[in-house]
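In: Show me the folded form of this:
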Amino acid sequence: MELNSATASPVLADPPPANTSRRGIPSACAKSSTPFATSRIPTQRKKRGKLDDVRFNGWLDRMISSSPPRRRVLKDLSAEAGYDEADVEYVRWMTKYPSALTSCQYILNQARNKRIVVFLDYDGTLSPIVDDPNRAFMSDEMRAAVKNTALHFPTAIISGRNRDKVSELVGLSELYYAGSHGMDIMFPAKNEVSYIDPNCIKSTNEIGEEVCVFQPAREFIPLIKEVFEILTEKTQYIEGSSVDNHKFCASVHYRNVVRKRWPLVAQIVHDVLKGYPRLILTHGRKVLEIRPDIDWDKGKAVNFLLESLGLGDNEDVLALYIGDDRTDEDAFKVLRDGNRGYGILVSAAPKESKAFFSLNNTSQVKEFLESLVRMKKEGRMAF
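Out: I've put the predicted structure just below:
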């Protein structure tokens, strides 16, 4: 931990170079961070011009790159595989984004005298990516790991899914939930924000507790429903496609659509969006997402949750965000730029990220969460 000479208060330090492999390959690298400031109230985004054809506006390129082909997961370089059998490109990538598993003790050292808060994506993080999104179920072992994590650290799930749906899939009352990429957040009423916000409403959760629900894009609900119905009708003849209404965003999935039909999916979405200038398109893992054109994302949701839970003080809190998708990059960036904690990217393929650390798959996510809890129980975390 480094100390700021002007304030004498602890600040986060970048991950130090970890031990090198037997071939001299480092397993970590330093990264810089700069101050970050964000508004809690979403504002209208500046409108961007749209080209008339998806063949020329980059949509298809982003669709192709949204879910890179999986590379074989490397075996432990220190175990039986050895460096000679390793994927060289992946090894180089791992020097930039070292494993959160092998860096767990370092992360806990940085949390000295701080309170750890855990944020989790759902699809691809807690559940594997599957062909049918409705069958993206957590394993019982993962559910137990998440529950134990929530019993020891404040824990929230921020998903692109409908908040009610992800809450149903997870099935744990110990967590805080944010759906639609953070545009639908539930948190305890006793921790309600100190100012009156028209986007905050009182409600009750499934066990009868009074909660607050923050929905900065509530006015867009009818619009999203309308677009969802239009897209459902227009894509119904494209085999393998599906459309979901996540209340504050509509998702068009093309994971099961043959590659030669992707341009048709993109063109349909593009043509529909031309009639809705208040909505924008973002790309996920083989999914096109239509969202309100407001300045709100998972990064803003992280800041909002921290402040609403009374955990907004950088000096007292270290946040960990684990996610696998492009939309999680907004949260990684907030933690990096604000010196608030560490992003952990779940990926078995090299790709650039604002995260500090990486994990290969959902199994490693479970193992990392279990390690956090175990180390706290063993007294290896100083508070």
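In: List the residues that contact Tyr321.
Out: Neighbouring residues of Tyr321 by CB atoms under 8 Å, 6 or more residues apart in numbering: Phe119, Leu120, Ile158, Val302, Asp328, Ala331, Phe332, Leu335, Gly341, Tyr342, Gly343, Ile344. (Glycine included, C-beta is placed from N, CA and C.)
In: Asn104 touches Met375, doesn't it?
Out: One correction, residue 104 is Cys, not Asn. Yes. At 6.8 Å, Cys104 counts as touching Met375 under the criterion of CB atoms under 8 Å.
In: Neighbour count: those two, which is higher?
Out: Higher neighbour count among Cys104 and Met375: Cys104, with 18 against 15, using other CB atoms under 10 Å.
In: Relative to Glu174, how far out is the closest residue to the more buried one other than its chain neighbours?
Out: Among residues not flanking Cys104 along the chain, Ser371 sits closest, at 4.9 Å (CB to CB, 6 or more residues apart in numbering). According to CB to CB, to the nearest Å, Ser371 stands 19 Å off from Glu174.
In: Compare those two (neighbour count), which wins?
Out: Set Ser371 next to Glu174 and count neighbours by other CB under 10 Å: Ser371 wins out with 18 against 13.
In: other SSEs contacting the helix or strand hosting that one?
Out: In this assignment (DSSP states H and E), Ser371 forms part of helix 362-377. With contacts taken as 3 or more CB pairs under 8 Å, 6 or more residues apart in numbering; DSSP states H and E, helix 362-377 sits against helix 104-110, strand 115-120, helix 140-152, strand 341-346.
In: Now with 10 Å, please.
Out: If contacts are counted by 3 or more CB pairs under 10 Å, 6 or more residues apart in numbering; DSSP states H and E, helix 362-377 sits against helix 104-110, strand 115-120, helix 140-152, strand 317-323, strand 341-346, strand 357-359.
In: Name all residues that make contact with the closest residue to Phe220 other than its chain neighbours.
Out: Nearest residue to Phe220, sequence neighbours excluded (CB to CB, 6+ apart): Pro292, at 4.2 Å. Listed by CB atoms under 10 Å, 6 or more residues apart in numbering, the contact set of Pro292 reads 42, 44-45, 180, 183, 216-221, 223-224, 248-249, 276, 278-280.
In: what bridges to Pro292?
Out: Note on Pro292: beta-bridge partners by DSSP bridges are Leu279.
In: quick revisit: how much space is there between the residue nearest to Cys104 and His181?
Out: Here Ser371 is placed at a distance of 28 Å from His181 (CB to CB).
In: Then Phe153?
Out: From Phe153 to His181 the distance is 23 Å (CB to CB).
In: Those two: which has the busier surroundings?
Out: Between Phe153 and His181, counted using other CB under 10 Å, the more crowded position is His181 (29 against 17).
In: wait, isn't the more buried one in contact with Ile290?
Out: No. Using CB atoms under 10 Å, His181 is not in contact with Ile290; the gap is 11.7 Å.
In: what about the stretch 101-250 of the chain, any weak spots by pLDDT?
Out: 190-197 (pLDDT under 70).
In: how about the helices in it?
Out: For the stretch 101-250 of the chain, the helices defined by DSSP state H, counting those that start in this stretch cover 104-110, 140-152, 163-170, 221-235.
In: Of all those helices, which one comes closest to Ala348?
Out: helix 140-152 (17.2 Å; CB to CB).
In: Enumerate the positions of the closest one that are buried.
Out: Neighbour-count burial for helix 140-152 flags Met142, Arg143, Ala145, Val146, Lys147, Asn148, Thr149, Ala150, His152 (criterion: 16 or more other CB atoms under 10 Å).
In: what number of residues lie near Val258?
Out: Number of residues near Val258 (other CB under 10 Å) recorded here: 10.
In: residues near the closest residue to it other than its chain neighbours, how many?
Out: Of all residues not flanking Val258 in the chain, Gly240 sits nearest, at 6.9 Å (CB to CB, 6+ apart). Counted with other CB under 10 Å, residues neighbouring Gly240 total 14.
In: go on, Glu239?
Out: Glu239: 9 surrounding residues under other CB under 10 Å.
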